[in-house]
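Visitor: Sequence first, predicted model second:
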Amino acid sequence: MYGKDRDGIGRPVLVNSEGMPIMQSNLADAAKEGRLFSVANQTGVTTTAALATTWTGLGVGNPTGSGKLYVFHEFGWSQAAVMNTDGPIGLMIATVGDMAQALTPRCARTGYKTSNALCDAAATPGTPVLERVCGTTLTGAVSTTGALPGNTVDLKGGIVIPAGYALLSYTLEIQTSSIQFHFVWEEIDA
C-alpha cells in the first residue's frame with residue numbers, strides 16, 4: 001500500500017497487524033520533528049479592553065528576520081475567577097512592537113528544540129486588528145452552570161504569522177486577573 005506525503009511523493013502507508021492504516025495527525029509529525037510549540041499564562045492575567053496598544057493577555061510574536069512562518073493550530077482560555085463583565089474573546093494581529101520573551105515557549109518534543117518566539121503577557125505592539133472572535137466571557141462564578149471554565153479553539157493552521165507580526169489574545173472588556181490563555185503553533189521555514 002502506498003500513499004503520498006504533503007509534497008506529492010509516494011510513500012509506504014503504515015498499517016497495524018490487521019492491515020488497517022495507522023493514522024497520525026500532522027501535529028504528531030510536527031511534534032516528533034520538533035516544530036510544534038506551546039505557551040500558557042502561568043497565572044490568571046488582567047486583560048486590556050478591545051484593540052489597545054498598551055496590551056495585556058497572552059501573545060506570540062514572530063521576531064523580525066526569523067526566517068520562519070508561525071502556523072497556529074490552537075488557542076484556548078480558562079476562567080480562573082469571576083469575570084468583570086460579559087463580552088467577546090478572540091484573537092488580534094499586530095506588529096511585534098516591544099514584545100519580549102517574557103514566557104518560555106515549550107517544544108512539544110520536550111527538551112528537543114528551542115524557539116525564538118516572543119511570548120509575552122504585556123507589551124506595546126503596533127495597532128492591532130481583530131482577526132477572530134472565538135467565544136465569550138461570562139460573569140457567573142466558575143462553579144455556576146452556564147459559566148465557561150475552559151475553552152479550546154482548533155484553528156486548524158488557519159492563521160499564519162510572518163516575521164515581524166504577532167498573534168494576541170483579545171477581550172472586549174477589561175478582565176481582572178481572571179483568565180489564563182494558551183497557544184499551540186508550528187514553526188516552518190518561510
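Guide: Now that the structure is in, tell me what you want to look at.
Visitor: Tell me the spacing between V39 and L58.
Guide: The gap separating V39 from L58 is 7 Å, by C-beta to C-beta, to the nearest Å. From N, CA and C alone the C-beta is placed, and that goes for glycine too.
Visitor: Just the element for D29, please.
Guide: Following DSSP states H and E, one finds D29 within helix 26-32.
Visitor: counting contacts, what elements does that helix pack onto?
Guide: Here helix 26-32 touches strand 179-189, going by 3 or more C-beta pairs under 8 Å, 6 or more residues apart in numbering; DSSP states H and E.
Visitor: which helices and strands does the strand it packs on pack with?
Guide: Partner elements for strand 179-189 (3+ C-beta pairs under 8 Å, 6+ apart): helix 26-32, strand 36-40, strand 55-61, strand 68-79, strand 165-171.
Visitor: can you state the direction angle for the longest one and strand 55-61?
Guide: I take that to be strand 68-79. 140 degrees (axes from the mean of the first three to the mean of the last three C-alpha atoms, to 10 degrees).
Visitor: how about L155, what does it touch?
Guide: Contacts were defined as C-beta atoms under 8 Å, 6 or more residues apart in numbering; by that measure L155 touches F72, H73, E74, F75.
Visitor: Repeat the analysis, applying 6 Å as the threshold.
Guide: F72, H73 (C-beta atoms under 6 Å, 6 or more residues apart in numbering).
Visitor: do the same with L167
Guide: V60, L91, I93, I161.
Visitor: Just the pLDDT for D120.
Guide: pLDDT recorded at D120 is 97.
Visitor: now do A108
Guide: 96.
Visitor: For burial, what's the neighbour tally of it?
Guide: 19 (other C-beta atoms under 10 Å).
Visitor: and the gap between it and L69?
Guide: In terms of C-beta to C-beta, A108 sits 17 Å off from L69.
Visitor: With G57 instead?
Guide: Going from G57 to L69 by C-beta to C-beta gives 23 Å.
Visitor: any chance of the helices and strands packed on strand 179-189 in TSV, with distance to P125 too?
Guide: Formatted as TSV, these follow (distance: least, C-beta to C-beta, whole Å):
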stretch	distance to P125
helix 26-32	26
strand 36-40	16
strand 55-61	6
strand 68-79	15
strand 165-171	6
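Visitor: So for A117, which of these sits nearest?
Guide: Closest of the helices and strands packed on strand 179-189 to A117 is strand 55-61, at 5.3 Å (criterion: C-beta to C-beta).
Visitor: what's the angle between that closest one and strand 179-189?
Guide: On the basis of the same axes, to 10 degrees, strand 55-61 is oriented at 20 degrees to strand 179-189.
Visitor: helices or strands up against strand 55-61?
Guide: Counting contacts by 3 or more C-beta pairs under 6 Å, 6 or more residues apart in numbering; DSSP states H and E, strand 55-61 packs against strand 118-123, strand 165-171.
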